[in-house]
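Trainee: Any chance you can model this:
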Amino acid sequence: MNYDEALAYINDKDKYGSRLGLNSIGTLLSYLKNPHRDLKYIHVAGTNGKGSTSAYKSQMLIAAGYRVGLYTSPYLEEFTERIQINNQNIPEDDLARITDLVKIAADKMLASGIEHPTTFELVTAIAFVYFKEQELDYVVLEVGLGGRYDSTNIIETSLASVITTIDYDHTEILGDTLSEIAYQKAGIIKENGLVILYPQNSEAESRILEVAAEKNARVAKVPIDQIEITSQTYLESVFNFKIDKFNYKDIKITMISKYQVYNAATAITTVVELDKMNLLKISEKEIKEGLFKTKWKGRLEVIKKNPIFLIDGAHNLQGMNQLVEAVKLFPYKRLIVGIGILKDKDFSHMIEKISLLASEIVVTEVNMPRKLNASILAEEISNYNKNVYIEKDIKRAILKTFELASCEDMIVFCGSLYLIGEVRTITNQL
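Mentor: Below you'll find the model as predicted:
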C-alpha cells in the first residue's frame, strides 16, 4: 500500500473505538515477532506535561549524541509527527510499508477469531516495528491514555517510568478521584525499576508511592524546591536548578511559562538519575543545549505577530489554568480568545478564568464527532463574558479573531489539541 492507503486503513479502524488492555496489542506484536522487546525505554505518563517533558528528554539525549526514538500522540498537522527519530518524522514510504506488515498481522488475528486491533494499537505497533528496525539507543515513549492498560505499557522493562502532573481528566475511564487516576498512571512502574516522580497532590502521590513499593521500585522525586527562576518573559525562561551534587546555572528554555520550567526540571532529573546509574552519559553542556533547542508545536506556541497569535493545546482544567498564567507574561492591550472543546471535558470549569481574562471570545467546533456544540459552549461562557461570537467553521473563527483584534492585541486559540492542529495549519496559510 502507499501512504494515503496506509492512512485510510489506520483511520478506518477508528470505528473500533478505544480499548484499554494489553491482550490485543500483545497478540498483534506476537504476530510481528515482538519488535518492542530489547529496546531501551523512558516511559512517560501523566495528565499534563507528558509531551513537553518527552520532547525535553529526547532533545537532551540527541545533544549527547544518541539516536533517539520519540512516540507521542495525538499529532497536530501531519500523522507522521507521532513517530520520530532525532527530530525526523517517520518517512511516508516506511509508514506505508510497515502498515502493510501490521495489516497482515491484524488480519491473522481476525482469522483466528480475535477482535481487530484499535487505531491506537495499530499505530503503536507501527512505531515499535520502525524503532526496532532503526537500531536506536533510546526510545522516549509517551502513554496515550492512563498508563496501566495503555498499549504502550506492553513493554516489559524500562530504564525509567516518569510521571508528570496528575489532575482530573478522562474520569469516565480512569476514575473520578485523584487516587484512582494516580493508580492508573502508576501502572507503568516496572518491577525493581526507577520512578521519576513530579511532586503531586498528597492523595495522588501516596497512591503512586504505594504502587512503587509493591514493585520494589526506587522513586526519585523532582526537587522543584531547588528551582530558582531568575528571568521569565514571553520569549524565554532562565532558571537555576540544584540536583544532587549538581548546581546548574542559567538554564535557558524557549518554551513559555513557569510550568515548562517544571517540565524541564523533570526531564533533567530523569537524565541525571540515569547517568548516575551508568545507563547513559550526558554532560551539563549537552543538557543545556538540548533544553534550549526544544520546541513543541501547539504548546504555548506563537505562530504570528502583530497581533500576537498564540495557540495552546490546553484541554483540561489544569491546562487552562496554566495557560491563563502564561498569557500574563505577554504584552497586549486586549485579549481575543478562540476556543473549541470536546463534549466529554469538564468545560464548565475549564472556561471560567480564560473567559474573565478575555475581552472578546469566538467559539468554534472541533472537527470530530466528540465536539461540543458551539451554542452550548457559548451559553456557558456568557455566564462570565457577554462578548461572545459563534463561528462553527474553524477558518471563519480564525478570520473573526483577526477582525476583532488590533496590532496591539493578542489572539489565543485553545481548548483541544485536535482543534489546535487545524488552527495552526490554516493560520500559517493566511
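
Trainee: Give the rounded mean pLDDT of stretch 311-319.
Mentor: Mean pLDDT, stretch 311-319: 87.

Trainee: swap that for stretch 339-350, sorry
Mentor: pLDDT averaged over stretch 339-350 gives 88.

Trainee: what does it contact?
Mentor: Outside stretch 339-350, the residues within contact range by CB atoms under 8 Å, 6 or more residues apart in numbering are 168-170, 172, 314-317, 320, 351, 354, 361-366, 368, 370-374, 377, 380-381, 394, 397, 413-416, 418-419. Placement of C-beta: from N, CA and C, glycine included.

Trainee: what's the span of it from first residue to last?
Mentor: End-to-end distance for stretch 339-350, by CA to CA, to the nearest Å: 11 Å.

Trainee: So which bits of it are buried?
Mentor: Under the neighbour-count criterion of 16 or more other CB atoms under 10 Å, stretch 339-350 has 339-342, 345, 347, 350 buried.

Trainee: and those, which of them are in helices?
Mentor: Members of these lying in helices (criterion: DSSP state H): 347, 350.

Trainee: export the buried residues of stretch 339-350 to JSON lines and tack on distance to residue 308?
Mentor: JSON lines is the format used below for the buried residues of stretch 339-350 (distance: CB to CB, whole Å):
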{"residue": "339", "distance to residue 308": "17"}
{"residue": "340", "distance to residue 308": "20"}
{"residue": "341", "distance to residue 308": "22"}
{"residue": "342", "distance to residue 308": "26"}
{"residue": "345", "distance to residue 308": "26"}
{"residue": "347", "distance to residue 308": "25"}
{"residue": "350", "distance to residue 308": "22"}
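
Trainee: Residue 272 touches residue 245, doesn't it?
Mentor: No. With contact defined as CB atoms under 8 Å, residue 272 does not reach residue 245; the gap is 9.6 Å.

Trainee: Between the two, point out the one with more neighbours.
Mentor: Between residue 272 and residue 245, counting by other CB atoms under 10 Å, residue 272 is the more crowded of the two (21 against 7).

Trainee: Just confirm the more buried one is within a helix.
Mentor: Yes. Assessed with DSSP: H, G, I helix; E, B strand; the rest coil, residue 272 lies in a helix.

Trainee: Show the model's pLDDT score for it.
Mentor: In this prediction, residue 272 has a pLDDT value of 97.

Trainee: tell me the contacts of it?
Mentor: With contact set as CB under 8 Å, 6+ apart, residue 272 has these partners: 243-244, 246.

Trainee: same deal with residue 286?
Mentor: Neighbouring residues of residue 286 by CB under 8 Å, 6+ apart: 60, 63-65.

Trainee: how close does residue 333 get to residue 359?
Mentor: Using CB to CB, to the nearest Å, residue 333 is found at 9 Å from residue 359.

Trainee: intersection of neighbour lists for these two?
Mentor: Contact with both residue 333 and residue 359 is made by residues residue 409, according to CB under 8 Å, 6+ apart.

Trainee: Neighbour count: the two, which is higher?
Mentor: Per other CB under 10 Å, whichever of residue 333 and residue 359 has more neighbours is residue 359, with 16 against 12.

Trainee: what are the phi and psi angles of that one?
Mentor: phi -80, psi -40 (degrees, to the nearest 10).

Trainee: What sits closest to it if chain neighbours are left out?
Mentor: Nearest residue to residue 359, sequence neighbours excluded (CB to CB, 6 or more residues apart in numbering): residue 334, at 4.0 Å.

Trainee: Neighbours of that neighbour, how many?
Mentor: When neighbours are counted by other CB under 10 Å, residue 334 registers 15.

Trainee: do the same with residue 23
Mentor: 12.

Trainee: quick one: pLDDT of it?
Mentor: The model's pLDDT for residue 23 equals 93.

Trainee: what do you get for the one 3 residues further on?
Mentor: pLDDT, the model's per-residue confidence, is 97 for residue 26.

Trainee: swap in residue 256?
Mentor: pLDDT, residue 256: 87.

Trainee: can you pull the contacts of it?
Mentor: Per CB under 8 Å, 6+ apart, neighbours of residue 256: 234-235, 237, 300, 302, 326, 329.

Trainee: can you check residue 357 too?
Mentor: Contacts for residue 357 (CB under 8 Å, 6+ apart) come out as 324, 327, 335, 337.

Trainee: go again using 7 Å as the cut-off
Mentor: Residues counted as contacts of residue 357 (CB atoms under 7 Å, 6 or more residues apart in numbering) are 324, 327, 335.

Trainee: List the ones among these that fall in strands.
Mentor: Using DSSP state E, the subset of these located in strands is residue 335.

Trainee: Buried among the contacts of residue 357? Need that as a selection in ChimeraX.
Mentor: Entered in ChimeraX, the line below selects the buried ones among these, by 16+ other CB under 10 Å:
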select :324,327,335
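
Trainee: TSV for the contacts of residue 357, including pLDDT?
Mentor: Shown next, in TSV, are the contacts of residue 357 (pLDDT from 0 to 100):
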residue	pLDDT
324	93
327	95
335	98
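
Trainee: Of the contacts of residue 357, just say which sits nearest to residue 160.
Mentor: residue 324 (31.4 Å; CB to CB).

Trainee: What sits closest to the closest one if chain neighbours are left out?
Mentor: The spatially closest residue to residue 324, leaving aside those adjacent along the chain, is residue 353, at 4.6 Å (CB to CB, 6+ apart).

Trainee: from memory the one you found sits against residue 323, does it?
Mentor: No. Counting by CB atoms under 7 Å, residue 353 sits too far from residue 323 to count as a contact (8.7 Å).

Trainee: Looking at these two now, which is surrounded by more residues?
Mentor: Ranked by neighbour count (other CB under 10 Å), residue 353 and residue 323 place residue 323 first, with 26 against 17.

Trainee: thought that one was touching residue 314?
Mentor: Yes. Using CB under 7 Å, residue 323 is in contact with residue 314, at 4.4 Å.

Trainee: roughly how far apart are the residue nearest to residue 324 and residue 334?
Mentor: Counting by CB to CB, the separation of residue 353 from residue 334 is 17 Å.

Trainee: what's near enough to touch the residue minimising distance to the centre of the chain?
Mentor: Nearest to the geometric centre of the chain sits residue 51, at 3.0 Å (CA atoms, centre = their mean). By CB under 7 Å, 6+ apart, residue 51 lies in contact with 72, 142, 296, 299.
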